[in-house]
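Chemist: this is a predicted model, with the sequence first.
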2 protein chains.
Amino acid sequence: MKCRCGRKAIYHRRQSGQYLCAVCFSKSIQKKFRRTIRKHSLVKRGDNIAVGLSGGKDSTVLLHLLHDLQKRRPFSLEAIIIDEGIAGYRDTTIEVAAKNCSLLDINYTIFSFHQEFGITLDDTQPGVSHCSYCGVFRRYLLNQKSRELHFDKLAVGLNLDDEVQSILMNLLRGDLFRFGRTGPYYKESPQFVPRIKPLREISEKEVMVYAVVNNIEVDHSVCPYASEAFRSDIRDFLDRMESKRPTTKYSLLRSYDRLFPYLQDQLTADVARCERCGEPTVNTLCKACKMLEDITDTGQ
Amino acid sequence: MKCRCGRKAIYHRRQSGQYLCAVCFSKSIQKKFRRTIRKHSLVKRGDNIAVGLSGGKDSTVLLHLLHDLQKRRPFSLEAIIIDEGIAGYRDTTIEVAAKNCSLLDINYTIFSFHQEFGITLDDTQPGVSHCSYCGVFRRYLLNQKSRELHFDKLAVGLNLDDEVQSILMNLLRGDLFRFGRTGPYYKESPQFVPRIKPLREISEKEVMVYAVVNNIEVDHSVCPYASEAFRSDIRDFLDRMESKRPTTKYSLLRSYDRLFPYLQDQLTADVARCERCGEPTVNTLCKACKMLEDITDTGQ
């Protein structure tokens, strides 16, 4: 198959029926990325932006795309890397993350669960899943450190698949508070550094292909804890629906984005400060402090 | 297993962990039915209500429950039966529907696709599925006839499963107009007779068990056209999720119901009159007239 430019196609985009060569494919991804940024005003001139970088495909591709964007508009870019303490996994992805930062001449800072909370993720033997701990502690650190380092925004590498999975998960769980926070740009209170998701309209597969085509070194290893059952079920279902009707994920995202303006104002809870650490929370204790307390209580 | 009343349990409600005997099960369904009616003010004293009756389990159980409710508050109740013209299927369900009406001393009127549109569902050899035709023509007739016969409300037998399937289908299709119309009570314009769904919190399985336990004669045959692929996929997924987490369907309904008030005002389109038949539509021609035109054009 040929791309419409005449070059050999390397990718078939089922949603549109297009066959794309490496160059046209990359251009289309960059275009989509910039369109998402523009549509939701995610990056402004002079912004001081941190990327939550893991070394995996999503955040690494995001780092590269944001770095390219700097040529078009002036804003500053650094990376924050979280070391959860997952032996044999995170150490190698951090290496890849650091290498990409060096290649692009981007400053980065590493924060570890061990240093900040006194435990590694491997240490916890939780009743709740490792993924729950990790999610809470990661979000906590990314927000706290972005704020303390005076970043205006925290860019996260969530792609279309992540986004629609979350939308559906929260809906099926009846968690409308979280459902109302899955938008492209979410600013909850002065204590929260706004999170932006410039990859939310790009599918996981296309992020992967973009990394390959552009020789971006990413770590492809899978987190040993990555099998949270609920999200896997939702992922399988959405993948199956997408394979039958290749616009399903976009349609779900569009549905959500049309609902989002009503949700954002109506379904957010009041945000207080955690009694223990002062970080934002809707309860007396924030989730991270609650989890740390549970870990201490169970004598882990 | 024993029911908490001491009688032998005939049903295990996984959501609550309860084991229920036939009497306690029936009472719980009647209670849930009345709670839904009360919560959304679905039936008022003096209302003139039509049930869209097919003879299948849902609409027949609805007829019986509404008939019971008449002992508690005065309102009038009749049934409208639609004969789509599905040989070997609808003729037998209509018999069952008529029998139930006679048993409960409820008036009914039968309207047929053949008489109203000049075609039976069996006659159509559509590019679109029979289910699409049927859905449009049924809704059209039920609304038009309810209005012409001066009913205040049209009660339809949609159960919890139907409801959450529709919610998810419309979301995945990106059809927010329909998504915004899946509530417990929907009144669009003076041309629309408000539709009420008193069974929307009762699962398909429990409707079935209620019919059996109360010796309600229902027709269990399956419509020969009932295999619309998209809804089947959604049904399978939700059933699988529910079997893993027995509150999934309720949670999804709750999510939706919390969103509904925002949607109802914001996501509805202006309703005009169909150029041809005068029935309500958002386009120039209503869907039924458009479909009839397509059928005529293709010379069926």
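Modeler: Yes, it's here.

Chemist: I'd say A:Gln18 and A:Met1 touch.
Modeler: No. Using C-beta atoms under 8 Å, A:Gln18 makes no contact with A:Met1, being 10.0 Å away. No exception for glycine: its C-beta is placed from N, CA and C like everyone else's.

Chemist: between these two, which contacts overlap?
Modeler: A:His12 (C-beta atoms under 8 Å, 6 or more residues apart in numbering or on different chains).

Chemist: okay, those two: which has more neighbours?
Modeler: A:Gln18 (15 against 10; other C-beta atoms under 10 Å in any protein chain shown).

Chemist: quick check: bridge partners of that one?
Modeler: A:Arg13 (DSSP bridges).

Chemist: measure it to chain B for me?
Modeler: For A:Gln18, the distance to chain B equals 20 Å [C-beta to the nearest C-beta, to the nearest Å].

Chemist: now that residue: how far from A:Ser28?
Modeler: Separation of A:Gln18 from A:Ser28 (C-beta to C-beta, to the nearest Å): 8 Å.

Chemist: try A:Arg231
Modeler: Applying C-beta to C-beta to A:Arg231 and A:Ser28 gives a distance of 28 Å.

Chemist: what does the stretch 101-250 of chain A put close to chain B?
Modeler: Within the stretch 101-250 of chain A, the positions near chain B by C-beta under 8 Å from any C-beta of the partner chain are A:170-176, A:179, A:229-230, A:233, A:237, A:240-241, A:244-245, A:248, A:250.

Chemist: any idea which element the residue in the stretch 201-300 of chain A that chain B sits nearest to lies in?
Modeler: Of all residues in the stretch 201-300 of chain A, A:Ser251 sits closest to chain B, at 3.4 Å by C-beta to the nearest C-beta. Applying DSSP states H and E as the criterion places A:Ser251 in helix A:248-266.

Chemist: for that helix, packing partners?
Modeler: Packing partners of helix A:248-266 (3 or more C-beta pairs under 8 Å, 6 or more residues apart in numbering or on different chains; DSSP states H and E): helix A:160-173, helix A:229-244, helix B:160-173, helix B:176-179, helix B:248-266.

Chemist: quick one: mean pLDDT over it.
Modeler: Mean pLDDT, helix A:248-266: 84.

Chemist: can you mark which positions in that helix are buried?
Modeler: For helix A:248-266, a neighbour-count test (16 or more other C-beta atoms under 10 Å in any protein chain shown) marks A:248-260, A:262-264 as buried.

Chemist: neighbours of the residue in the stretch 1-150 of chain A that chain B sits nearest to, how many?
Modeler: Closest approach between the stretch 1-150 of chain A and chain B, counting by C-beta to the nearest C-beta: A:Gln15, at 12.6 Å. By other C-beta under 10 Å, the residues close to A:Gln15 number 13.

Chemist: list the residues that contact it.
Modeler: A:Pro246, A:Thr247, A:Tyr250.

Chemist: and if you look at A:Ser166?
Modeler: Here A:Ser166 is in contact with A:Leu158, A:Arg178, A:Thr182 (C-beta under 8 Å, 6+ apart).

Chemist: quick check, nearest of these to chain B?
Modeler: Using C-beta to the nearest C-beta, A:Arg178 is the member of those that lies nearest chain B, at 10.6 Å.

Chemist: got the contact list for that closest one?
Modeler: By C-beta under 8 Å, 6+ apart, A:Arg178 lies in contact with A:Ser166, A:Asn170.

Chemist: now it: how far from A:Ser255?
Modeler: From A:Arg178 over to A:Ser255 (counting by C-beta to C-beta), the distance is 17 Å.

Chemist: helix, strand, or coil at the closest residue to A:Leu53 other than its chain neighbours?
Modeler: Of all residues not flanking A:Leu53 in the chain, A:Ala79 sits nearest, at 4.1 Å (C-beta to C-beta, 6 or more residues apart in numbering or on different chains). Secondary structure, DSSP: H, G, I helix; E, B strand; the rest coil: A:Ala79 is strand.

Chemist: great, nothing more from me.
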